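1. Take a look and give me a structure for this.
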Amino acid sequence: MGRYGALCKNLAEIFHYICILAFTLVFYKYATDFCWFLSLTTETYWPLTLRNSEPPHDLLLEFDVNSIASNLTKFTILDTLVLKEGTKSVQLTYEDLVNISDKRWKPDFDPKVQLVYPQAFNTSSIVDRLLRREPIPEAPINGPRFRYLVLSKEVCHPQIPSSHRYNIVVVVKSSIANSQQRQEFRRIYHPYTNTNGRLLLGLRIGLVFSVGIPRSQQDNIFQRGKHQVQLTSSGGNFLNPNDLRRITVQFEEEKLKYDDLIVGDYEDTYFNLTTKSHYSFTWAATFCRRSRPTMLFVDDDMPFSVKHLARVVRSLPRHTRSTFLHGRIYTNTGVFRFEDGVSIPKWNVLKTEVPWPAYQTYAVGYFLLASFAHVERLALAMLFTQKFPVEDAWIGVVAFKLDLTMRPAREIFDWRLILTKMKHNLPSVPSWVFM
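-> Residues are numbered from 1 along each chain as shown. This is a model prediction of the structure:
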């Protein structure tokens, strides 16, 4: 009996320690979850203000321009940093660069030439001034008004507190014609996202679709400078009276049925992808400020692994999460011109849009993971960066002007696991592109 009593006592002590350990682990989990939430809920001043609570929702940038701020110097660049020959050691403006033929540029021209891109002020300083409510040197070249015809009620809605509980928000940039792809996204990710989604490693994930409105012109012809482009792919095949009518009816039904749409007041075409990205970043930076989630921007042919995403975000320290700007990185890729013998018309850019002959570092548009701090600065800087149609390269210019470094996704992701392993009916890039 004594031996039995001692055994019972030992078992009781073991059980006691197990209970203490279990309590400690549970306390740690909830404490870390609370600290995660607490670290993301500091709401600061934001210069884009919502003018009306009912749709359409207008955002307007608050800013002042005065003579003191107007004296800020615009960037120029020394000709020896960009030209192969014929240099005179003079400073070049953006207008000068536009008139220099591609053949005269150095193959390894200085990437600081992007600082000369309009508007050629210190963009980071302008963003800081806006956030401090200080005057700026010029009104923004883009905006300053945004109109959202529809806001998602499930994610980051200004009047619905429960829509602000997400640690990660995924913005799917979707063509208005791709209703089937949006449906497939909903089918794949419904168990893990939005109002009824279950937690993944203690994280809540929101998912929205960013779209525009049908084109008013009933064809696929676009005027690009003095050139006409017939868009036969990338949604151009739907730009005809019958398909546009069908798409409009389908989209009206979709808006009534689902609460995961962000609809901007711009025509949803391939040549407006830059505007779609600007609207997407502005929506995130303005309406998701209460929770300041990590943001993932993807195309609607990018079936990512939501579980691997949660695992990566959850496992990394706060400092690393605050510096997210990761994707599939391209560097020094040549531009396409209308004057070139061989080109891809939808990717052609004018000299007035992109004066240099090669794009510098940028993340391909189908996948970009970004910290909220970077998203809000990018959203404001986009107001002061002249647009051109190659939206991912344009975002690369904006990031450079802010001195933000874009990094390969493979630094934090296992490239083999970025795409979902679930069965789906979506077109998709191969996983090896992230190697």
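2. After the helix or strand harbouring V249, heading C-terminal, what element do we hit next?
-> In this assignment (DSSP states H and E), V249 forms part of helix 241-257. For helix 241-257, the following helix or strand on the C-terminal side (DSSP H and E) is strand 261-267.
3. Would you mind listing the buried residues in that following strand?
-> Using 16 or more other Cβ atoms under 10 Å as the test for burial, strand 261-267 gives L261, I262, V263, G264, D265, Y266. C-beta coordinates here come from the backbone N, C-alpha and C atoms, glycine included.
4. For the stretch 151-300 of the chain, which segments count as strands?
-> Secondary structure of the stretch 151-300 of the chain (DSSP state E, counting those that start in this stretch): strands at 168-173, 205-213, 221-224, 227-230, 261-267, 294-299.
5. Among those, single out whichever gets nearest to L48.
-> strand 261-267 (13.8 Å; Cβ to Cβ).
6. on that earlier part again, got the buried residues of strand 261-267 as a markdown table, with distance to W432 columns?
-> Listed next are the buried residues of strand 261-267 as a markdown table, based on distance: Cβ to Cβ, whole Å:
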| residue | distance to W432 |
| --- | --- |
| L261 | 32 |
| I262 | 31 |
| V263 | 35 |
| G264 | 33 |
| D265 | 39 |
| Y266 | 34 |
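7. Now flag whichever of those is closest to S322.
-> After measuring the buried residues of strand 261-267 against S322 - Cβ to Cβ - the closest member comes out as I262, at 24.6 Å.
8. Contacts only, for that closest one.
-> By Cβ atoms under 8 Å, 6 or more residues apart in numbering, the residues touching I262 are Y148, V150, L151, S152, V171, V208, F209, S210, V211, Y279, S280, W283.
9. Touching, the fourth one and D259? I think so.
-> Yes. With contact defined as Cβ atoms under 8 Å, S152 reaches D259; the gap is 5.9 Å.
10. Give me the below-cutoff pLDDT ranges for the stretch 1-150 of the chain.
-> Residues of the stretch 1-150 of the chain meeting the criterion pLDDT under 70: 1-43, 69-70.
11. any chance you could map the strands in it?
-> Under DSSP E, counting those that start in this stretch, the stretch 1-150 of the chain gives strands at 48-50, 57-61, 77-78, 91-92, 145-150.
12. What distance do you get for the nearest residue to Q250 once chain neighbours are set aside to I160?
-> Leaving aside its sequence neighbours, Q250 sits nearest to S179 (Cβ to Cβ, 6 or more residues apart in numbering; 5.3 Å). Distance, S179 to I160, by Cβ to Cβ, to the nearest Å: 25 Å.
13. So if I had to pick from these two, which one is more boxed in?
-> Just comparing S179 and I160: by other Cβ atoms under 10 Å the higher neighbour count belongs to S179, 18 against 15.
14. Look up how far G212 lies from the more buried one.
-> 14 Å.
15. Pick the one among the contacts of I262 closest to R311.
-> V171 (20.2 Å).
16. Now do the same contact list for the closest one.
-> V208, F209, S210, I262, S280, W283, A284, M295, L296, F297, V298.
17. As TSV, those residues with distance to G235 would be great.
-> Converted to TSV, these look like this (distance: Cβ to Cβ, whole Å):
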residue	distance to G235
V208	20
F209	15
S210	14
I262	18
S280	17
W283	21
A284	23
M295	24
L296	22
F297	18
V298	17
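18. closest to P55 among these?
-> Of the contacts of V171, the one sitting nearest to P55 (Cβ to Cβ) turns out to be I262, at 11.6 Å.
19. neighbours of the residue nearest to that closest one when sequence neighbours are not counted, just the number please.
-> Of all residues not flanking I262 in the chain, S210 sits nearest, at 4.8 Å (Cβ to Cβ, 6+ apart). If you count neighbours by other Cβ under 10 Å, S210 ends up with 23.
20. how is the protein carved up into domains?
-> The record assigns the chain these domain ranges, following automatic domain parsing: 1-39, 75-116, 147-434.
21. Can you list the residue ranges for helices in the stretch 1-150 of the chain?
-> 2-39, 67-70, 94-98, 123-131 (DSSP state H, counting those that start in this stretch).
22. no wait, the stretch 301-435 of the chain
-> Along the stretch 301-435 of the chain, counting by DSSP H, counting those that start in this stretch, helices occupy 306-315, 318-321, 372-382, 391-401.
23. Read off the pLDDT value for F434.
-> pLDDT, F434: 95.
24. same thing with S343?
-> Per-residue confidence at S343 stands at 84 (pLDDT).
25. Just give the nearest non-adjacent residue to it, would you?
-> F336 (4.2 Å).
26. Quick check, I221 in contact with V229.
-> Yes. In this structure, I221 is within contact of V229 by Cβ under 8 Å, at 7.4 Å.
27. who's more crowded, those two?
-> Between I221 and V229, counted using other Cβ under 10 Å, the more crowded position is V229 (19 against 11).
28. My guess is that one contacts W347. True?
-> No. Using Cβ under 8 Å, V229 makes no contact with W347, being 10.2 Å away.
29. Quick check: end-to-end length of stretch 150-159?
-> With Cα to Cα, to the nearest Å as the measure, stretch 150-159 spans 13 Å from end to end.
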